[in-house]
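In: here are the coordinates; sequence isn't available:
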């Protein structure tokens, strides 16, 4: 429906999670190509398209494909936002990380990830630090108190500060989405950084990605509730048919229950449209 509502409009900015936008762009191009018009990228359809705002997932696994799908002149702009408000935003193309928006009326606290226990939030709250006590060598779970009445609400985002004067941060993942089968606490950023590096070294293209701990066949057969919520694969750019085993993580909110490792190519998960389009 979103494709039909926007394909013939004048759009200057598009926003959403990277994989959603990529799926939307592919559907939009298919819609236009069906009309025998041909379309190299969305900038060819929307000449005023200037910017893509992304949030809630790592851009790196999708950056190359998004650049080709949107157009070489479209700028990527990252923000960190939640239902409580905008937490941080990219304020420069030349500086790493996002600038924390500390003056918007939202009071922020930060719980060290090592001290965070979702089953004991009260005990975890005792470890919460004010902004001025944070350091650059620690992952933090973000806690927000807003003028709207939310008090010490856990946003679910995990961040790491890369500077404290001013406070700049990088998004590391979600507090409920990490591997911790042996206390390792492997976050989304750890997985995507490794995946991007390996694929770049071997000239592989990332098709889609999903992650779960490897389990023995006996354990898998004995646990009927461990069904995956979607497929994934990673394949070489030079071969359409030889799948590459990889660990990967789907950052879609609906994939919290995904729990299966696979080393073979399967159908990618259905992509949702971006959250909003201007």
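Out: Structure received. No experiment lies behind these values; they were computed from the predicted model shown. Residues are numbered from 1 along each chain as shown.
In: tell me the spacing between residue 121 and residue 153.
Out: Applying C-beta to C-beta, to the nearest Å, the value for residue 121 to residue 153 is 11 Å. Where you see a C-beta, it was placed from the backbone N, CA and C, and this is true even at glycine.
In: dump the residue contacts of the residue nearest the centre of the chain.
Out: Nearest to the mean C-alpha position of the chain, by C-alpha atoms, centre = their mean, lies residue 57 at 0.9 Å. By C-beta atoms under 8 Å, 6 or more residues apart in numbering, the contact set of residue 57 is 17, 18, 19, 188, 251.
In: in a strand, the third one, correct?
Out: No: using DSSP: H, G, I helix; E, B strand; the rest coil, the assignment for residue 19 is helix, not a strand.
In: contacts only, for residue 109.
Out: Counted by C-beta under 8 Å, 6+ apart, residue 109 has contacts 128, 129, 130, 131, 142, 143, 144, 145, 152.
In: let's see it at 7 Å
Out: The contact partners of residue 109, taken as C-beta atoms under 7 Å, 6 or more residues apart in numbering, are 128, 129, 130, 143, 152.
In: which ones are touching residue 139?
Out: 113, 158, 160, 172, 187.
In: could you point out which element follows the host helix or strand of the fourth one?
Out: When secondary structure is defined using DSSP states H and E, the element that contains residue 172 is strand 167-174. On the C-terminal side of strand 167-174, the nearest following helix or strand under DSSP H and E is helix 188-201.
In: between that next one and strand 167-174, how many degrees?
Out: Here helix 188-201 points in a direction 90 degrees away from that of strand 167-174 (axes from the mean of the first three to the mean of the last three C-alpha atoms, to 10 degrees).
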